[in-house]
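K.L.:
coordinates only, no sequence provided:
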């Protein structure tokens, strides 16, 4: 059920060097990257780890920049789960929709403030 976990960073070059070397030991490679972060894994079919600068522009701390991503089987499932989260009291962190080529996701915070997303690749 877990697709990937994101960890926050204030120094992306340092974090990149660390995780490139560390996760290579586990057979992981870069699966995705942009100016804010990188995700490593063996494939999108297995859980992976990402390091990102927090989207809100605030410093990364334990918690800020951390997100649990839940994999869905279709875009419609993303829409359904995102809507259900909001109906259950979650707050919007980015509506369900495309986020680059082949990536579709909706972002929310649970009632305790923990950030999650539900996503579909393809």
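P.N.:
Perfect, thanks for sending it. Since the model is a prediction, treat every value here as computed from it, not as a measurement. Residues are numbered from 1 along each chain as shown.
K.L.:
and the pLDDT at the nearest residue to residue 56 once chain neighbours are set aside?
P.N.:
Distances taken as Cβ to Cβ, 6 or more residues apart in numbering place residue 64 nearest to residue 56, at 7.4 Å, with adjacent residues excluded. Using the backbone N, CA and C atoms, a C-beta is placed for each residue, glycine as well. We note a pLDDT of 83 for residue 64 in this prediction.
K.L.:
tell me where this structure has strands.
P.N.:
Using DSSP state E, the strands of the chain run over 2-8, 29-34, 37-41, 48-52, 67-71, 91-98, 103-109, 115-121.
K.L.:
okay, these in a markdown table with mean neighbour count next?
P.N.:
What follows is the strands of the chain, written out as a markdown table (neighbours: other Cβ atoms under 10 Å):
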| stretch | mean neighbour count |
| --- | --- |
| strand 2-8 | 18 |
| strand 29-34 | 14 |
| strand 37-41 | 21 |
| strand 48-52 | 21 |
| strand 67-71 | 19 |
| strand 91-98 | 15 |
| strand 103-109 | 21 |
| strand 115-121 | 21 |
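K.L.:
residue 45: neighbour count?
P.N.:
Residue 45 is flanked by 10 other residues according to other Cβ atoms under 10 Å.
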